[in-house]
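**Q** Below are the sequence and a predicted model for it; my questions follow.
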Amino acid sequence: MKILIVEDEQQIVSVLQNKFTQEGFTVVVAKNGQEGLALAVKEHPDMILLDIIMPVMDGMAMLTELRKDVWGKTAQVILLTNLSDPDKVSESVAKGITEYLIKSDWKLEDLVAKVKEKIVTLG
């Protein structure tokens, strides 16, 4: 199973990358939405963990562009952010995200379990 982490905070990337690698995932990392979009379309990961606030291209812009791609229309995306903005939640749900998770509300083990559950359920 392949997971794409699109996140600009290196500390978060390291923690997620280590945990998902230990869990048997192949992990691909992008530090902004532009890189993330290119990798998603090229690699076709089973799940994308996407931050919203990033340089170059933010997560919402990446999601919009991803949904224009034939494969990307149905790609599994979990937004993992510190934003609990109801407008962003509504916008992302309208774009067909799998989950919208607030970083501070989730333990790492819970996130791994959620990703596995969604890949099995939706895959």
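**A** Thanks, I have the structure now.

**Q** separation between the residue nearest to the spatial centre of the chain and Asp8?
**A** Centroid check for the chain by Cα atoms, centre = their mean gives Leu49 as the closest residue, at 1.6 Å. Plainly put, Leu49 is 13 Å away from Asp8 if you go by Cβ to Cβ, to the nearest Å. The C-beta positions use only the backbone N, C-alpha and C, and glycine is treated the same way.

**Q** And the lowest mean pLDDT element among the helices and strands of this structure?
**A** helix 86-94 (a mean of 74; mean pLDDT, DSSP states H and E).

**Q** Which element is encountered next along the chain beyond it?
**A** strand 99-102 (DSSP states H and E).

**Q** Just checking: what are the partner strands of that following strand?
**A** strand 77-81 (parallel) (DSSP bridges).

**Q** Touching the strand it pairs with from outside, list them.
**A** 7, 47-53, 59, 63, 66, 88, 92, 96-103, 106, 111, 114-115, 118 (Cβ atoms under 8 Å, 6 or more residues apart in numbering).

**Q** residue ranges of the strands in this protein, please?
**A** Under the criterion DSSP state E, the chain contains strands at 2-6, 26-30, 47-50, 77-81, 99-102.

**Q** And the least confident helix or strand of the chain, what does it pack against?
**A** helix 59-66, strand 99-102 (3 or more Cβ pairs under 8 Å, 6 or more residues apart in numbering; DSSP states H and E).

**Q** For the helix of greatest length in the chain, output the C-alpha coordinates as PDB.
**A** As assigned by DSSP state H, the longest helix anywhere in the chain is helix 108-122. Below are the C-alpha coordinates for helix 108-122, written out as PDB (Å, rounded to 0.1, in the frame of the first residue of the first chain):
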ATOM      1  CA  LEU A 108      -0.800   8.800  15.400                       C
ATOM      2  CA  GLU A 109      -2.100   5.300  16.100                       C
ATOM      3  CA  ASP A 110      -5.700   6.500  15.400                       C
ATOM      4  CA  LEU A 111      -4.600   8.100  12.100                       C
ATOM      5  CA  VAL A 112      -2.900   4.800  11.000                       C
ATOM      6  CA  ALA A 113      -6.000   2.900  11.900                       C
ATOM      7  CA  LYS A 114      -8.200   5.300  10.000                       C
ATOM      8  CA  VAL A 115      -6.000   5.100   6.900                       C
ATOM      9  CA  LYS A 116      -6.000   1.300   6.900                       C
ATOM     10  CA  GLU A 117      -9.800   1.300   7.500                       C
ATOM     11  CA  LYS A 118     -10.400   3.700   4.600                       C
ATOM     12  CA  ILE A 119      -8.100   1.800   2.200                       C
ATOM     13  CA  VAL A 120      -9.800  -1.500   2.900                       C
ATOM     14  CA  THR A 121     -13.300  -0.100   2.900                       C
ATOM     15  CA  LEU A 122     -12.900   2.100  -0.200                       C
END
